[in-house]
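Asker: here are the coordinates; sequence isn't available:
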């Protein structure tokens, strides 16, 4: 009995991990536009534009993208340390939002040989700044596949969401794979399609009725 009481007391003393501040995330590829759209559905609207006293954003997120193999963050760390010098990763971070209002996209560089300027986080060379937007609590942004160093629309990514400069709970290690967007017709296209089919059906019925009338008249 004493053992169980001690175990309960020890468990109560352990720090609890906060739950993830988001309920879903995705990366969908548009093969025609050659772009990928990333989305994060937050539980509450994040504060990406303010900073804490240490200068870090109140809320932030990072995507590591790798066009070649899973576990993009691990591969980026290995590349950065000179272990995978020929691999390719893109680092997309919201840490620059308080200053620029945009996300920053950098290509991860081998830190043992790369001597050029580095973007936020120090991963490598800045390639672009990206606009983003919210629809409710869903944040989305679109990037060209070329910026992801990708050509076939299939890539792997790791997402990290941070709060007040520190990782919230177990948010590192959320891995995903891009999904090709299906070619679904727009609503206007569907209406035109249905209208066209209805017109063809009406015309066929009309021709049949005309044919019946002619045959009846002939007899």
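Answerer: That came through, no problem. Keep in mind the model is a prediction, meaning the values are calculated, not measured.
Asker: contacting residues around residue 158?
Answerer: Contacts for residue 158 (C-beta atoms under 8 Å, 6 or more residues apart in numbering) come out as 63-64, 71-74, 172-176. The C-beta positions use only the backbone N, C-alpha and C, and glycine is treated the same way.
Asker: what strand or helix carries the nearest residue to residue 37 once chain neighbours are set aside?
Answerer: Of all residues not flanking residue 37 in the chain, residue 142 sits nearest, at 4.6 Å (C-beta to C-beta, 6 or more residues apart in numbering). Using DSSP states H and E, residue 142 sits within strand 138-144.
Asker: need the next SSE after that strand, C-terminal direction.
Answerer: Next helix or strand after strand 138-144 toward the C-terminus (DSSP H and E): strand 156-163.
Asker: give me the mean pLDDT for that next one.
Answerer: In this model, strand 156-163 has a mean pLDDT of 90.
Asker: walk me through which strands it pairs with, and which way each runs.
Answerer: strand 59-66 (antiparallel), strand 166-167 (antiparallel), strand 174-177 (antiparallel) (DSSP bridges).
Asker: return the most buried member of the ones you listed.
Answerer: Mean neighbour count (mean count of other C-beta atoms under 10 Å) peaks for strand 59-66 among the strands paired with strand 156-163, with a mean of 24.
Asker: distance from that strand to the middle of the chain?
Answerer: Distance, stretch centre to chain centre, for strand 59-66: 9 Å (C-alpha atoms, centre = their mean, to the nearest Å).
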